[in-house]
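Colleague: Got a predicted structure here, sequence first:
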Amino acid sequence: MQSPIHVTSEIGKLKTVMLHRPGREIENVYPDILHRMLVDDIPYLPIAQEEHDLFAQTLRDNGTEVLYLENLLTDALADNNIKDEFLEKIIAESGFAGGAIHDALKEYLLSFSTKDMVDKIIAGVRKDEIKTKYVSLAELAEDKDYPFYMDPMPNAYFTRDPQACIGDGITINHMTFKARQRESLFTEYIIKHNPRFADKGVNVWRSRYPEGRIEGGDELVLSDQVLAIGISQRTSAKAITELAESLFEKSNYDTVIAIHIPHNHAMMHLDTVFTMINYDQFTVHPAILRDGGHVDAYIMHPAANGEISITHETNLKEILEKALDKSEIDLIPTGGGDPIIAPREQWNDGSNTLAIAPGEVVTYDRNYVSNDLLRKHGILVHEVRSSELSRGRGGPRCMSCPIVREDLKK
Ligand SMILES: NC(=[NH2+])NCCC[C@H](N)C(=O)O
């Protein structure tokens, strides 16, 4: 049976992608919680939606089927028992496993249609929206000034991170910060219960329950055998080891390249500093390279008795040439490597390109220096508007989760 998931590279023609159109969750962010919500500013919602619609249209115009997370989840919850089970879990993961607040939240959420309920869960539930049967101490005395029972999920439009499709399977991710951890429960229900995926033989390489932290922004599918992954603020060595073990045992993958990157907010994921855009071309933010183009990378392969061999290598070009069997790799520096332009454009996701076919990418219009340079290197660039979307600290790659890509010609 053909799996409904098929991603054997970062660059094969993008056939199906999952997005989330930003909604009311954006307007539930206010200055005091910016840090906790992992954003630096508050997008202006109507324009963010307009920009997002244009992004989705650019993908459709280029032959990509666009699926929306909110619709996939709604369809996954069509059966009332499953919907009930999901609600119990999401309310528990929001901090209320039982009690008066749990009961009131459940009753409130059940009063919506399933689609509106999904939108509401993403948007967040304010304390003044519900009435509890009796007043608990928690209600009276805990976080008195905090306005939410269920936090908004303003990062939901970065569909890249809660999961990642690799080969005919998926990792459903244990995300790092509380602000995003509930997002991958959506993926779990979509894979288990949406008719498009349920009982279709989708391999779950790693579920969201083991402790090690991992996010899709760190998972780069370089080929049908090679995965690159960031050791980053969001992805731990423990999770990478577990994923490598699972892939080596159950899939075609025999090489995992773990690349250590700085652990900070500007470079939270590998895809904020490094993306693949053609058979032999990559964008790279010069700040991750030491003199001579060196990084700290650990190359993992299966060894005898289910063990894993690890070698430490540092020359990024050579690592990629060897892993992809290319005689020459072209590393294109974000912002041309200029000491001001490079970090400025990287901050607004100048390295976060989404390849929609080999040598063809979608990027933010604001990163014009990087975009011009990509064109000089022969890349076809589709620019999308980015004034508001970029405020969430993610670009076209972060905003998209490829579900199906065409295989590359060998
Ligand atoms: N794949 C990515 N680079 N995603 C960016 C996610 C940005 C989001 N504000 C976060 O901190 O989680």
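Modeller: Sure, I can see it.
Colleague: give me the number of residues near the residue of the stretch 101-250 of the chain found nearest the ligand?
Modeller: Among the residues of the stretch 101-250 of the chain, G217 lies nearest to the ligand; the distance is 2.5 Å by C-beta to the nearest ligand atom. For every residue, glycine as well, the C-beta is placed using N, CA and C. Using other C-beta atoms under 10 Å, G217 has 25 neighbouring residues.
Colleague: quick one: it is in a helix?
Modeller: Yes: assignment of G217 by DSSP: H, G, I helix; E, B strand; the rest coil places it within a helix.
Colleague: right, and it touches M267 too?
Modeller: No: with contacts counted by C-beta atoms under 8 Å, G217 stays clear of M267, the gap being 10.1 Å.
Colleague: can you give me the helices in this protein?
Modeller: Ranges of helices within the chain are 45-61, 69-76, 80-93, 100-110, 114-123, 137-141, 178-181, 183-193, 237-250, 316-324, 341-347, 368-376, based on DSSP state H.
Colleague: Which residues are in contact with L185?
Modeller: Going by C-beta atoms under 8 Å, 6 or more residues apart in numbering, L185 touches F86, K89, I90, E93, R208.
Colleague: gap between the residue nearest to the fourth one when sequence neighbours are not counted and D79?
Modeller: Distances taken as C-beta to C-beta, 6 or more residues apart in numbering place R182 nearest to E93, at 5.0 Å, with adjacent residues excluded. From R182 over to D79 the distance is 21 Å, taken as C-beta to C-beta, to the nearest Å.
Colleague: returning to that earlier point: got CSV for the helices of the chain, with mean pLDDT and distance to L354 too?
Modeller: What follows is these, written out as CSV (pLDDT from 0 to 100; distance: least, C-beta to C-beta, whole Å):
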stretch, mean pLDDT, distance to L354
helix 45-61, 98, 9
helix 69-76, 98, 16
helix 80-93, 98, 29
helix 100-110, 96, 33
helix 114-123, 98, 22
helix 137-141, 79, 43
helix 178-181, 98, 20
helix 183-193, 98, 19
helix 237-250, 98, 22
helix 316-324, 97, 19
helix 341-347, 95, 16
helix 368-376, 98, 12
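Colleague: Return the most buried member of those helices.
Modeller: Burial of the helices of the chain is given as mean neighbour count (mean count of other C-beta atoms under 10 Å); helix 183-193 ranks first at a mean of 22.
Colleague: the inter-axis angle of it versus helix 114-123?
Modeller: 150 degrees (axes from the mean of the first three to the mean of the last three C-alpha atoms, to 10 degrees).
Colleague: Show me how far helix 183-193 is from its chain's centre.
Modeller: Distance of helix 183-193 from its chain centroid, counting by C-alpha atoms, centre = their mean, to the nearest Å, is 14 Å.
Colleague: cool, stretch 332-340 as well?
Modeller: 25 Å.
Colleague: Need the residues that contact it.
Modeller: Outside of stretch 332-340, the residues that reach it under the criterion C-beta under 8 Å, 6+ apart are 273, 277, 281-286, 341-346, 350-351, 367, 369-370, 373-374, 377, 379.
Colleague: How about that stretch and the ligand, any contact?
Modeller: No: contact between stretch 332-340 and the ligand is absent, the nearest approach being 13.6 Å (criterion: C-beta under 6 Å from any ligand atom).
Colleague: buried ones in that stretch?
Modeller: Buried residues in stretch 332-340, counting neighbours by 16 or more other C-beta atoms under 10 Å, are found at I332, P333, T334, G335.
Colleague: Between its first and last residues, how far does it reach?
Modeller: End-to-end span of stretch 332-340 (C-alpha to C-alpha, to the nearest Å): 16 Å.
Colleague: Report the rounded mean pLDDT for it.
Modeller: Stretch 332-340 shows a mean pLDDT of 95.
Colleague: Around the ligand, which positions in the stretch 151-300 of the chain sit nearby?
Modeller: Counting by C-beta under 6 Å from any ligand atom, the stretch 151-300 of the chain sits next to the ligand at N155, F158, R160, D161, R180, G217, M268, H269, D271, T272.
Colleague: List buried members of these by neighbour count.
Modeller: Using 16+ other C-beta under 10 Å as the burial test, those include N155, F158, R160, D161, R180, G217, M268, H269, D271, T272 as buried.
Colleague: Skip the chain neighbours and tell me the closest residue to L320.
Modeller: L320 sits nearest to I329 (C-beta to C-beta, 6+ apart), 4.6 Å away.
Colleague: so what's the nearest residue to the residue of the stretch 101-250 of the chain closest to the ligand once chain neighbours are set aside up against?
Modeller: The spatial neighbour of G217 that comes closest, neighbours along the chain excluded (C-beta to C-beta, 6+ apart), is H269 at 2.7 Å. Counting by C-beta under 8 Å, 6+ apart, H269 touches D161, E215, G216, G217, D218, G230, S232, Q233, R234, T235, C398.
Colleague: make it 10 Å
Modeller: Counting by C-beta atoms under 10 Å, 6 or more residues apart in numbering, H269 touches 158, 160-161, 215-220, 230, 232-235, 261, 352, 394, 397-398.
Colleague: Quickly note the distance from V381 to P43.
Modeller: 23 Å.
Colleague: and these two? which has more neighbours close in?
Modeller: Taking neighbours as other C-beta under 10 Å, V381 and P43 compare with P43 leading, 23 against 19.
Colleague: The more buried one reaches Y157, doesn't it?
Modeller: Yes: between P43 and Y157 there is a contact at 9.3 Å, judged by C-beta atoms under 10 Å.
Colleague: which neighbours do the two share?
Modeller: In contact with both P43 and Y157: P22, I26, Q49, H52, L389, G392, using C-beta under 10 Å, 6+ apart.
Colleague: thought V361 was touching L354?
Modeller: Yes: in this structure V361 lies within contact range of L354 using C-beta under 10 Å: 6.2 Å.
Colleague: nearest spatial neighbour of L34, skipping sequence neighbours?
Modeller: Using C-beta to C-beta, 6+ apart, the nearest residue to L34 is D40, at 6.4 Å.
Colleague: and that neighbour, what are its phi and psi?
Modeller: phi -110, psi -10 (degrees, to the nearest 10).
Colleague: List the contacts of it.
Modeller: Counting by C-beta under 10 Å, 6+ apart, D40 makes contact with L34, H265, A266, W347, S390, R391, G392, R393.
Colleague: In PyMOL, how would I select the buried members of those residues?
Modeller: Of the contacts of D40, the buried ones can be selected in PyMOL as follows, counting by 16+ other C-beta under 10 Å:
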select buried, resi 347+390+391+392+393
